[in-house]
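Trainee: pasting the sequence and the predicted coordinates here, then a few questions.
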Amino acid sequence: MSELTLTVMRLGFLAVLWLFVIVAVQVIRSDLFGTRVTQRGSRRENARPQQAARQQAAAPPQQRQQSGRQRRGAPTKLVVSEGTLTGTTVALQGQTITLGRAHDSTIVLDDDYASSRHARIYPDRDGQWIVEDLGSTNGTYLDRTRLTTPTPIPLGAPIRIGKTVIELRK
Amino acid sequence: MSVVTNTTTIGAIDLPSRRNTELALLGFAVAIAVFAYANVGLAINGELPSGMLGYGLGLSLLAGVGHMAVRRYAKYADPLLLPLATLLNGVGLAFIWRLDQSERFQALKTFAPAASKQLMYSAVGVALFVAVLLLLKDHRILQRYTYISMVLALFLLVLPMFFPAVNGAKIWISLGPFSIQPGEFAKIIIAIFFSGYLMVKRDALALASRRFMGLYLPRGRDLGPILVVWAISILILVFETDLGTSLLFFGMFVVMLYVATERTSWIVFGLMMSAAGAVGVASFEPHVQQRVTAWLDPFAGWGKEAASEQIAKSLMAFGSGGTLGTGLGQGHSDLIGFAANSDFILATVGEELGLAGMMAFLLIYGLIVERGVRTALAARDPFGKLLAIGLSGAFAIQVFVVAGGVMGLIPLTGMTMPFIAQGGSSVIANWALVGILIRISDTARRPAPAPAPSPDAEMTQVVRP
């Protein structure tokens, strides 16, 4: 065997060994499962859609007509805009989101005015997101109206639970 | 608007099983091992080794069987443990085969070709790994056997006392043609006892204590368990003259005690007690004394004392390896002679792969330990947490004790490097250890079952204003 071949193999083996270590570390990095933490945008950006939301909320019937398959205007995330959890977002992927003080809620509200199982938000068959009050003491408000039946949520309309305000965003 | 800003985003809770990642990494690991094998053959004989195909297929088969078992019985298990163990085992086989090829090594009286035997032991190890996954559906079952495992582990630890010493240490029992190192199996069984015991007693050990100089001093009667374990490790040291098992046994208990109680004082006590015990025993036990002198000045015993000469030669092997090593099959670590392929195999790694390769190996060991600790963090039940921490702690202590001994950092103890070193008991026991870790990590990473609905909760919970 020529000296050169052996040298190349020697360095090649070390390189491959380290590549394995690096790949393994990459796997660990991508393996941090559970809650995915992302930085949210600045607060100013946060506030703007809220105003737009108020305007949009004025015309909910228009939105309801669009229900059906995943529309372009479908919300992709739920954002807590006021209260102790301000800034928390949950990706909307067809799962039911429960809100309340109970520990197994999707969003655990640390809010004295919330019931342990306060409300839930879920998509109906058409993909329209619905909010339903689960018999809470203080009630769930969509904008200014207290909910009595499951109600579709217009994009950006504030859902108020105690001191917490939640809205759906694109 | 609240001042508190929270930047958490809760992503979709959809856990991937990551089995394909594991498969890809396994393929990579087997390829590296075959590369090492081919490299040794080219360097020593100038041609690709004839057994390369068989070796590659054998290792792939082992890896494949392990992978299929994980895929079938532990779907959500950690994707890294199996590939890391396979890599160490595969490259270790290549190193053992490399020492088999050495003429100097063949001339030894004790020589017997070890590579094919080791491949067979690895197969037994993987079989045990599969058996663990197959039979142990839930690691919490082990909790039932807390005290039985204590008796069994003590029995295994005491057993070698009644067999003749091999090379100064009584760590072997011989059954006909086979000799077994029961200490390797005892470390797994004792971890089960420690976790079961500490899970029940942790509160008493953690809370009943007085604060003194920033340390929580436990009450006198709570010192009982640590004193008993300490006494047993001292007895092992005295009667079996086996520093490694003694250190592993006591170190594991201290680690688990610390994790269970979160009291730093246990670590302080543990270190003081092990130092006192080691110094005390070294003052009258000649075998231990000899190891300590060999460690303090390995070169002084050159030509006189085989034990210190071996350490000196191992240090020289590391030195001649340098940063990038001499290349596989081109070192002279076979000069170490006896035990070059078991206790001293790291010297071969250090010489032929250099500091760079040595670091990679230590990192791979570190990653296995990290995955174990991660499993402990993710585990939902306290018994699983303690067991995972105990097993990975034992693994870490063993790597430290062996690597430290070979490199001259601490006195040499006569334990084997997990997975790399030649030795059936070690490789089999460590595959079982990885099997249990995979079982715990599968349970830990499995998506949580839906919480049971409690219809009364709504009515009984007092809702504030």
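Mentor: All right, it came through fine.

Trainee: need the helices for chain A, in chain order.
Mentor: With helices called from DSSP state H, chain A shows them at A:3-30, A:43-57, A:60-65.

Trainee: least confident of those helices, on average?
Mentor: With a mean of 42, helix A:60-65 has the lowest mean pLDDT of those.

Trainee: separation between the spatially most central residue of chain A and A:Ile159?
Mentor: Closest to where the C-alpha atoms of chain A average out (C-alpha atoms, centre = their mean) is A:Val90, at 1.3 Å. Distance, A:Val90 to A:Ile159, using C-beta to C-beta, to the nearest Å: 13 Å. No exception for glycine: its C-beta is placed from N, CA and C like everyone else's.

Trainee: circling back to that earlier point, what bridges to the residue nearest to the centre of chain A?
Mentor: A:Leu78, B:Ile10 (DSSP bridges).

Trainee: wait, it touches A:Lys77, no?
Mentor: Yes - counting by C-beta atoms under 8 Å, A:Lys77 is a contact partner of A:Val90 at 6.5 Å.

Trainee: what residues of stretch B:282-302 count as buried?
Mentor: In terms of neighbour count (16 or more other C-beta atoms under 10 Å in any protein chain shown), stretch B:282-302 has its buried residues at B:282, B:285, B:287-288, B:290-295, B:298, B:301.

Trainee: related to what we said a few turns ago, quick check, pLDDT for the residue nearest to the centre of chain A.
Mentor: For A:Val90, pLDDT reads 83.

Trainee: interface residues of the stretch 201-350 of chain B facing chain A?
Mentor: Contact residues, the stretch 201-350 of chain B versus chain A (C-beta under 8 Å from any C-beta of the partner chain): B:324-328, B:330.

Trainee: quick one, which of those residues are buried?
Mentor: B:325-328, B:330.

Trainee: out of the residues you listed, flag the one nearest to chain A.
Mentor: The closest of these to chain A turns out to be B:Gly327 (C-beta to the nearest C-beta; 3.6 Å).

Trainee: residue contacts, the closest one?
Mentor: A:6-7, A:9-10, B:39, B:43, B:352 (C-beta atoms under 8 Å, 6 or more residues apart in numbering or on different chains).

Trainee: between these, which sits nearest B:Ser60?
Mentor: Proximity of those to B:Ser60 (C-beta to C-beta) peaks at B:Asn39, which lies at 18.0 Å.

Trainee: in chain B, which spans are strands?
Mentor: B:9-10, B:173-175, B:178-180, B:209-212, B:215-218 (DSSP state E).

Trainee: would you single out the least confident of the ones you listed?
Mentor: What stands lowest among these, in mean pLDDT terms, is strand B:9-10, with a mean of 53.

Trainee: now the closest residue in space to B:Asn39 that isn't next to it in sequence: how far from B:Leu353?
Mentor: Nearest non-adjacent residue to B:Asn39, counting by C-beta to C-beta, 6 or more residues apart in numbering or on different chains: B:Leu328, 4.3 Å away. Remark: distance between B:Leu328 and B:Leu353 (C-beta to C-beta) = 7 Å.

Trainee: between these two, what contacts are shared?
Mentor: With C-beta under 8 Å, 6+ apart as the test, B:Leu328 and B:Leu353 both reach A:Phe13.

Trainee: for B:Glu352, what are its contacts?
Mentor: B:Glu352 touches B:98, B:321, B:325-331, B:333, counting by C-beta under 8 Å, 6+ apart.

Trainee: got the residues you listed as CSV, with pLDDT and distance to B:Gly435 columns?
Mentor: CSV is the format used below for those (pLDDT from 0 to 100; distance: C-beta to C-beta, whole Å):
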residue, pLDDT, distance to B:Gly435
B:Arg98, 90, 28
B:Gly321, 90, 33
B:Gly325, 89, 33
B:Thr326, 90, 36
B:Gly327, 88, 35
B:Leu328, 89, 30
B:Gly329, 86, 33
B:Gln330, 87, 36
B:Gly331, 85, 34
B:Ser333, 82, 31
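
Trainee: what about these, which are in helices?
Mentor: B:98, B:321.

Trainee: which parts of the stretch 51-200 of chain B sit against chain A?
Mentor: B:79-80, B:83-84, B:87.

Trainee: give me the buried entries from these.
Mentor: So, by 16+ other C-beta under 10 Å, the buried ones in these are B:79-80, B:83-84, B:87.

Trainee: among the residues you listed, which pair sits farthest apart?
Mentor: Top of the distance list for those (C-beta to C-beta): B:Pro79 and B:Leu87, 13.5 Å.

Trainee: anything in contact with each of the two?
Mentor: With the criterion set as C-beta under 8 Å, 6+ apart, the contacts of B:Pro79 and B:Leu87 do not overlap.

Trainee: any idea how far the closest residue to B:Glu305 other than its chain neighbours lies from chain A?
Mentor: Spatially, and ignoring its direct neighbours in sequence, B:Glu305 is nearest to B:Ala294 (6.5 Å; C-beta to C-beta, 6+ apart). Going from B:Ala294 to chain A by C-beta to the nearest C-beta, to the nearest Å gives 31 Å.

Trainee: you'd agree B:Ala294 is up against B:Ser314?
Mentor: No - under the criterion of C-beta under 8 Å, B:Ala294 is not in contact with B:Ser314, lying 10.9 Å apart.

Trainee: contact partners for the closest residue to B:Arg18 other than its chain neighbours?
Mentor: Spatial nearest neighbour of B:Arg18, chain neighbours left out: B:Pro79 (4.1 Å); criterion: C-beta to C-beta, 6+ apart. Shown in contact with B:Pro79 (C-beta under 8 Å, 6+ apart): A:27, A:31, B:18-19, B:21-22, B:25.

Trainee: could you do B:Glu370 as well?
Mentor: B:Glu370 sits in contact with A:Ile28, where contact means C-beta under 8 Å, 6+ apart.

Trainee: surely A:Ala74 and A:Pro123 touch.
Mentor: No - between A:Ala74 and A:Pro123 there is no contact under C-beta under 8 Å: 9.2 Å.

Trainee: related to what we said a few turns ago, turn the buried ones among the residues of the stretch 201-350 of chain B next to chain A into a markdown table, columns for distance to B:Ala340.
Mentor: Formatted as a markdown table, those follow (distance: C-beta to C-beta, whole Å):
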| residue | distance to B:Ala340 |
| --- | --- |
| B:Gly325 | 16 |
| B:Thr326 | 15 |
| B:Gly327 | 18 |
| B:Leu328 | 15 |
| B:Gln330 | 15 |
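
Trainee: how distant is stretch B:78-97 from the center of its chain?
Mentor: In terms of C-alpha atoms, centre = their mean, to the nearest Å, the centre of stretch B:78-97 is set 13 Å apart from its chain centre.

Trainee: just give the closest residue to the residue in the stretch 51-200 of chain B that chain A sits nearest to, not the sequence neighbours.
Mentor: With C-beta to the nearest C-beta as the measure, B:Leu80 is the residue of the stretch 51-200 of chain B nearest to chain A, at 5.7 Å. Among residues not flanking B:Leu80 along the chain, B:Arg371 sits closest, at 5.2 Å (C-beta to C-beta, 6+ apart).

Trainee: cool, B:Leu133 as well?
Mentor: B:Tyr73 (4.4 Å).

Trainee: isn't that neighbour right next to B:Ala131, touching?
Mentor: No - B:Tyr73 is beyond contact range of B:Ala131, at 10.5 Å (criterion: C-beta under 8 Å).

Trainee: higher neighbour count, these two?
Mentor: B:Tyr73 (18 against 14; other C-beta atoms under 10 Å in any protein chain shown).

Trainee: shouldn't B:Arg71 be in contact with B:Thr21?
Mentor: No - using C-beta under 8 Å, B:Arg71 is not in contact with B:Thr21; the gap is 11.9 Å.

Trainee: those two: which has the busier surroundings?
Mentor: More neighbours surround B:Thr21 than the other of B:Arg71 and B:Thr21, with 18 against 15 (other C-beta under 10 Å).
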